[in-house]
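Undergrad: Okay, here's the prediction I keep looking at, along with the sequence it came from:
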Amino acid sequence: VQLQASGGGLVQAGGSLRLSCAASGFRFSAYAMGWFRQAPGKEREFVGAINWNEVTTNYADSLKGRFTISRDNAKNMVYLQMNSLKPEDTAVYYCAAGPWPVVKTIRFWGQGTLVTVSS
């Protein structure tokens, strides 16, 4: 099983980034997919998730309206579009697979990608 996140980097506050996560080794379309993040010195937190149907989504309340999750089951890909980025969004971002709503029950974790937002 592999979940490879990519697309992180350095961006100025107010900018946007799109993260991607490539999945392999399991039946991608059968799982909900989530994004989590861990800022320096803080615990990992839930960002959002999308169900297997490519439609139903769930977000952390503090991120609603700025972050959007999508997926493409034909490509085994899940995406996180991040807009209006703030310095406090700086973190390592991870994708994960699990049963809906993917908040606490995770089946597979991926490697993270670092997002740094400068002020």
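TA: Cool, the structure landed.
Undergrad: can you list contacts of stretch 48-68?
TA: 29-35, 45-47, 69-73, 78, 80-85, 100-103 (CB atoms under 8 Å, 6 or more residues apart in numbering). All C-beta atoms are positioned from the backbone trio N, CA, C, and that covers glycine.
Undergrad: Which among the residues you listed count as buried?
TA: Burial by neighbour count, 16 or more other CB atoms under 10 Å: within those this picks out 31-35, 46-47, 69, 71, 78, 80, 82, 85, 100-102.
Undergrad: For whichever strand or helix holds A97, the averaged confidence score.
TA: Element membership for A97 (DSSP states H and E) is strand 91-98. What strand 91-98 shows for mean pLDDT is 97.
Undergrad: got it, and stretch 106-114?
TA: Rounded mean pLDDT across stretch 106-114 is 96.
Undergrad: and it, how far apart are its ends?
TA: End-to-end span of stretch 106-114 (CA to CA, to the nearest Å): 21 Å.
Undergrad: which SSE is the residue nearest the centre of the chain in?
TA: For the chain, W35 is the residue whose C-alpha lies nearest the centre (CA atoms, centre = their mean; 2.7 Å). Assigned by DSSP H and E, W35 belongs to strand 32-38.
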